[in-house]
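3D, please:
(one chain, ligands or ions: 1)
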Amino acid sequence: MSDTESLKAALAPIAAGRATVRIEDGKASIVLDVTGLDEAARAEIEADVRRVAEGAPGVSEVRILLTSERRTRRLIAVASGKGGVGKSTIAANIAIALARRGRRVGLVDADIYGPSQTRLLAVDGIRPEARGKTLIPVQTGFGVPLLSMGGLVPEGQAIAWRGSMAGGALGQMVDADWGDAEVLILDLPPGTGDLQLTMVQKHKPAGAIIVSTPQDLALIDAARAIDLFNKVSVPIVGVIENMAGYACPHCGEISDPFGSGGAEAAANRMGLPFLGRVPLEMAIREASDAGDPPAAGNGPQAETFAALAARLDEWLVANGG
Ligand SMILES: Nc1ncnc2c1ncn2[C@@H]1O[C@H](COP(=O)(O)OP(=O)(O)OP(=O)(O)O)[C@@H](O)[C@H]1O
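Numbering: from 1, shown residues only. Now for the predicted structure:
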């Protein structure tokens, strides 16, 4: 076996399919494909390869070149025309349900007015670490790493974070070390003001999901949110109707204190896809408050979010894979 062949064989257990090896005059040149690995994993595989190569027969010098295919990571914005319609709840649960389908998903909480994702995903109080200027998302127990304004801004000061500061923080979160995440779900601040417009213009999501309750007022606001995305040519993935019908915790019967179907009718009128509805359910609020997202469980709520994630997945496939 040549020196090159024996080095290849020695590297196989740690870098199979990733390393291209050449040895000339005792110099080993190794090209290492680190596509899909985060920075820590890249450093680890490089160190392992170097250690093995330096101990290989016929090798006096080792050069390693890291390469990686550029990944296109898509942002999906979750927006609402006004606050309190359940946008953050939907964003968290759809991210988890999408990850359960095998997609690699990250979650960015850009809601400076009420960052709630750290509570929803049970990582309250855990601040993200940084490597130089690069933030490292916080791992959650639900397969979805998270970066939140809530983790960056001391509690109570969020409201002072307006305009450019919030814009800068969002840029840092979007450009963080997301490893192999292919989709980032972006929980936008509620409303349709300059802040939202600037965020959307700057980061140009691949698509937007609009969350609305069935009430008329919320629907008018939802139409404004749709306008905002139209203005910057961001396609609407679809509309989700939240708090549609009240599911009785005792008998499961669904009644419609605020009406139901309004968002679907409005989506149809505007020629937009309707992704589905989530009932107003005590179990959703209780589980969310407890940091136990319903999409991660096995109950009927998990099925509701799985169906929404399936629609989003179809859209992702139809729009680039
Ligand atoms: N389908 C639902 N059934 C029951 N409670 C819900 C449902 N959706 C959301 N909630 C509850 O409503 C409240 C508001 O939800 P959430 O924080 O997700 O709204 P939001 O639109 O993101 O609000 P904000 O404007 O503060 O960002 C929370 O207490 C949440 O648990």
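
count of residues packed around the residue lying closest to residue 137 once chain neighbours are set aside?
Excluding the flanking residues, the one nearest residue 137 by CB to CB, 6 or more residues apart in numbering is residue 145, at 3.6 Å. All C-beta atoms are positioned from the backbone trio N, CA, C, and that covers glycine. Using other CB atoms under 10 Å, residue 145 has 27 other residues around it.

Spit out the contact partners of residue 145.
106, 107, 137, 138, 139, 178, 179, 181 (CB atoms under 8 Å, 6 or more residues apart in numbering).

so which of those comes closest to residue 239?
Ranked by distance to residue 239 (CB to CB), these are led by residue 107 at 20.4 Å.

What number of residues are in the vicinity of residue 17?
Neighbours of residue 17 (other CB under 10 Å): 6.

you'd agree it is in a strand?
No: under DSSP: H, G, I helix; E, B strand; the rest coil, residue 17 sits outside any strand and is assigned coil.

CA atoms of the host helix or strand of residue 42 as PDB?
Assessed by DSSP states H and E, residue 42 sits inside helix 39-54. Listed next in PDB are the C-alpha coordinates belonging to helix 39-54 (Å, rounded to 0.1, in the frame of the first residue of the first chain):
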ATOM      1  CA  GLU A  39     -17.700  25.400  13.900                       C
ATOM      2  CA  ALA A  40     -17.100  23.200  16.900                       C
ATOM      3  CA  ALA A  41     -17.500  20.000  14.800                       C
ATOM      4  CA  ARG A  42     -15.300  21.500  12.100                       C
ATOM      5  CA  ALA A  43     -12.500  22.200  14.600                       C
ATOM      6  CA  GLU A  44     -12.900  18.700  16.000                       C
ATOM      7  CA  ILE A  45     -12.600  16.800  12.700                       C
ATOM      8  CA  GLU A  46      -9.700  19.000  11.600                       C
ATOM      9  CA  ALA A  47      -7.800  18.300  14.800                       C
ATOM     10  CA  ASP A  48      -8.500  14.500  14.500                       C
ATOM     11  CA  VAL A  49      -7.400  14.400  10.900                       C
ATOM     12  CA  ARG A  50      -4.300  16.400  11.700                       C
ATOM     13  CA  ARG A  51      -3.400  14.000  14.600                       C
ATOM     14  CA  VAL A  52      -3.800  10.900  12.500                       C
ATOM     15  CA  ALA A  53      -2.000  12.400   9.500                       C
ATOM     16  CA  GLU A  54       1.000  13.600  11.500                       C
END
